[in-house]
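Enquirer: output the structure for:
(chains A and B)
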There are 2 protein chains.
Amino acid sequence: MDFSSKLLENAVYEMSQLPGIGKRTALRLVLHLLKQPDQRTEGLATSLLDLKEKIQFCSNCHNISDTVLCEICANTKRDSSLVCVVEDIRDVMAIENTGQFRGTYHVLGGKISPMEGVGPQDLTINSLVTKVKKGEIKELIFALSSTMEGDTTNFYIYKQISGLGVSTSTIARGIAVGDELEYADEVTLGRSILNRVPFEGSLKSN
Amino acid sequence: MDFSSKLLENAVYEMSQLPGIGKRTALRLVLHLLKQPDQRTEGLATSLLDLKEKIQFCSNCHNISDTVLCEICANTKRDSSLVCVVEDIRDVMAIENTGQFRGTYHVLGGKISPMEGVGPQDLTINSLVTKVKKGEIKELIFALSSTMEGDTTNFYIYKQISGLGVSTSTIARGIAVGDELEYADEVTLGRSILNRVPFEGSLKSN
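Expert: All right, here's what the predicted structure looks like:
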């Protein structure tokens, strides 16, 4: 693209570095900001700088937090012996939105992926193992995405903590509520039959 | 969404004010920035603030510019008596990319749209009319989008300048190069037959 202004070119370049934002979209966004009052741009710029500068991660669960201990970990009504292991903060938000979970979390910060150069030392696995060794945790629920990387990470953690007297589980995989059986993939449908639950037990979740 | 951090919530809110960016996408973008080195966020924030603070608009054609007169208007090789009237700077960039136009531009900054509360006084029409009255312009090429608002704007300008001895034209509408006739809409196809050009003349553009 042929920009008539270096300032515009810079802004478009920086914007287009965001994931999923191409040059054209970046230009559209930047021109939109130009047309808006100054406060719009200032609000965006300062909120991003503030976030980057002041953000903390909970010292216990590694969730994003404005304080040393996040709201969930600091909440005495939550069961800190029941820990749900997730990849990132978006998973915490998704599970919190269900309102079904009264335990706490442990945010790994990703999953083991040799292809992307992410090893166990890049994640918060050590801090999880330490917590388990202290005997603070009764049950770990693995809630990672069901990909090869997710399974590898689950298994790696499982090997580290087995024999330490903590019980482990994974979230149920199956046909989504409201989905039609005929459109489900074979692996999911197969697993959902193998891992069937007693009919009376299935009623409680509603 | 239930954010564990006010800082995060602010950043996501500001990001989601951009057009076409929903809350989920905003969260994804903000979390991406959080994982990147500090320079990424600083680069984005300062480039946007710089742009908003220092940007100028060309005093002649109202194109975005880092200087009082934009590169195109300042270029003595460009024909300043041939002026292409466009809606916004993206149109200038699109036409410049063709490399086919050696005249100059006039950027209106939008089109007349009563529905969106944009009247002639919100655009740079007066400055265009002034230029025409000074006798600086021989031909105006209307290159606005072919919508009702675009046609209204064309006609409004045309009424203001008719009788001032400037010739006017609009860019050709027709079937796009490489398009199949059978998929063209009736209006475009109809116009392209009415406005047919001599076969020999059609060769020169390639």
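Enquirer: tell me the secondary structure of the residue of chain A found nearest chain B, please.
Expert: Distances between chain A and chain B by CB to the nearest CB are smallest at A:Ala45, namely 3.8 Å. The way it works is simple: take the backbone N, C-alpha and C, and place the C-beta from them, glycine included. Classification of A:Ala45 using DSSP: H, G, I helix; E, B strand; the rest coil returns helix.
Enquirer: so how many other residues sit close to it?
Expert: If you count neighbours by other CB atoms under 10 Å in any protein chain shown, A:Ala45 ends up with 22.
Enquirer: quick check: closest non-adjacent residue to it.
Expert: Residue nearest to A:Ala45 in three dimensions, not counting chain neighbours: B:Ala45, with 3.8 Å by CB to CB, 6 or more residues apart in numbering or on different chains.
Enquirer: wait, isn't that neighbour in contact with A:Ser47?
Expert: No: applying CB atoms under 8 Å, one finds B:Ala45 not in contact with A:Ser47, separated by 9.1 Å.
Enquirer: now for the residue nearest to A:Ala45: which residues touch it?
Expert: A:44-46, A:48-49 (CB atoms under 8 Å, 6 or more residues apart in numbering or on different chains).
Enquirer: which among the residues you listed count as buried?
Expert: Among those, those scoring as buried are A:44-45, A:48-49 (criterion: 16 or more other CB atoms under 10 Å in any protein chain shown).
Enquirer: closest one of the residues you listed to B:Met148?
Expert: Nearest to B:Met148 among the buried ones among the contacts of B:Ala45: A:Leu44, at 33.3 Å, using CB to CB.
Enquirer: which of the three states applies to the residue lying closest to the closest one once chain neighbours are set aside?
Expert: With CB to CB, 6+ apart as the criterion, A:Leu44 has its nearest non-adjacent residue at 4.3 Å, and that residue is B:Glu14. Three-state secondary structure (criterion: three-state DSSP) places B:Glu14 in helix.
Enquirer: A:Ala143 - how many residues pack around it?
Expert: Neighbours of A:Ala143 using other CB under 10 Å come to 22.
Enquirer: am I right that it is in contact with A:Ile95?
Expert: Yes: counting by CB under 8 Å, A:Ala143 touches A:Ile95, with 6.9 Å between them.
Enquirer: what are the structural domain limits within chain A?
Expert: Listed by automatic domain parsing, the domain ranges of chain A are A:6-54, A:72-171.
Enquirer: list the contacts for the one residue sitting closest to the centre of chain A?
Expert: Centroid-nearest residue in chain A: A:Asp88, 2.3 Å away (criterion: CA atoms, centre = their mean). The contact partners of A:Asp88, by CB under 8 Å, 6+ apart, come to A:107-110, B:31.
Enquirer: now A:Arg90
Expert: B:27-28, B:31.
Enquirer: closest to A:Gly20 out of those residues?
Expert: Distances from A:Gly20 to the contacts of A:Arg90, taken by CB to CB, are shortest for B:Arg28, at 7.6 Å.
Enquirer: residues in contact with that closest one?
Expert: B:Arg28 sits in contact with A:19-20, A:90, where contact means CB under 8 Å, 6+ apart.
Enquirer: shouldn't it be within a helix?
Expert: Yes: checked against three-state DSSP, B:Arg28 lies within a helix.
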